[in-house]
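Colleague: Sequence and predicted structure, then a few things I'm wondering about:
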Amino acid sequence: MKHLNWIVLVVLFFATSFVTFSQKESEVKIKSDKGTIYGNLIQVKKYKEAPVVIIIPGSGPTDRNGNSTFIQPNSYKLLAQELSENGISSLRYDKLMIGESQGELTEKDYRFEDNSDQVTAWIDYLEKKKFTNIILIGHSEGSLIGMLAAQQRKVSKFISLAGTGREIDVVLSEQIGNQSPIFLEETKTLLTKMKNGETVSEFSPELAGLFREDIQPYIISWLIYDPKIEIGKLDIPVLIIHGSTDIQVVKEDAKLQKEGNAEAELKIIDGMNHVLKTAPENKEENMKTYYDPKLPLHKELIPVIVGFVK
């Protein structure tokens, strides 16, 4: 059967340059027992008093700029640059095992909680640098990761950006069912077993990219979390942002997150897709924005974030 290119939310697993007269961007790193994680820190003028956001990357082999071997939207780099122009510092990073952030972990040893541990390590780093107003922005899979990190450390605010409001087995089943219905029932069966803590050894070759044995422990560790429940545990200001033309995460997910945290703000941006660009609903045209690093972010996104942060 023809190879299937799944668009799903699952991991496949100090030189300083001056940007403007009032900000600087530096490469930074933190070390842990699982490896060294690299990122970029943009510091605005009077950065200790200014807000700083940690941009938590989404699913797949996504680097600090929002790019991977599959897509090149440059979304996180554009986000960081535009936030700095509005007086907001930022830190974006390569997830462990992605980009420069290499370590001792193998794919089969990786767990979902390792993601939130990386965020809490960056929070600790910024606190040591005397930042006092730390805000988390979690994109896609990073939304749930940010929720968990915000429960473990003191942060000022949390922004969920194109995050799911349902458990990942429900989301994956929906996405695969939409793309190739012939594998829907098998996918549901596999995920049910993994949700019960079982690993599986038999599945269609076309599903190997999602359910190969080395990645199953990661999926099992992910399946125990419900974003609707986790967002409800936050007692800080929360903003939920979703794009109306997101072809990966549906608007219902944003509404479910809102139901989970009644105090949260919800903003649906008309015409914004999953990689935060202006895009139509047509899938083919929508996907073209995934490969255009020069295409700007949707014009409404930054004002919404800045208004909430400040």
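Modeller: Here it is on my side, so go on. The shown structure was predicted, so the numbers you read here are calculated from the model rather than taken from an experiment.
Colleague: Buried residues in stretch 106-118, which are they?
Modeller: For stretch 106-118, burial by neighbour count (16 or more other C-beta atoms under 10 Å) applies to 110, 112, 114-118. Just so you know, the C-beta spots here come from the backbone N, C-alpha and C atoms, and that holds for glycine as well.
Colleague: Check stretch 252-265 too.
Modeller: For stretch 252-265, burial by neighbour count (16+ other C-beta under 10 Å) applies to 253-258, 260-261, 264.
Colleague: Can you name the next helix or strand after the helix or strand bottoming out on mean pLDDT in the chain?
Modeller: Least confident helix or strand, the chain: strand 16-20 with a mean of 40, by mean pLDDT, DSSP states H and E. Remark: after strand 16-20, the chain's next helix or strand is strand 23-32, criterion DSSP states H and E.
Colleague: one step back: adding secondary structure, distance to Thr106 and pLDDT as columns, could you present the buried residues of stretch 252-265 in TSV?
Modeller: Formatted as TSV, the buried residues of stretch 252-265 follow (DSSP: H, G, I helix; E, B strand; the rest coil; distance: C-beta to C-beta, whole Å; pLDDT from 0 to 100):
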residue	secondary structure	distance to Thr106	pLDDT
Asp253	helix	31	96
Ala254	helix	35	97
Lys255	helix	38	97
Leu256	helix	34	98
Gln257	helix	33	98
Lys258	helix	38	98
Gly260	helix	34	98
Asn261	coil	36	98
Ala264	coil	37	98
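Colleague: start to end distance for stretch 132-150?
Modeller: Criterion C-alpha to C-alpha, to the nearest Å; first-to-last residue distance in stretch 132-150 is 15 Å.
Colleague: likewise stretch 296-310?
Modeller: 22 Å.
Colleague: Kindly report the same for stretch 101-115.
Modeller: End to end - C-alpha to C-alpha - stretch 101-115 spans 13 Å.
Colleague: what do you get for stretch 260-268?
Modeller: End residues of stretch 260-268 are separated by 17 Å (C-alpha to C-alpha).
Colleague: Touching it from outside, list them.
Modeller: With C-beta atoms under 8 Å, 6 or more residues apart in numbering as the test, stretch 260-268 has contacts from 165, 227-232, 234, 237-244, 251, 254-255, 257-258, 304, 308.
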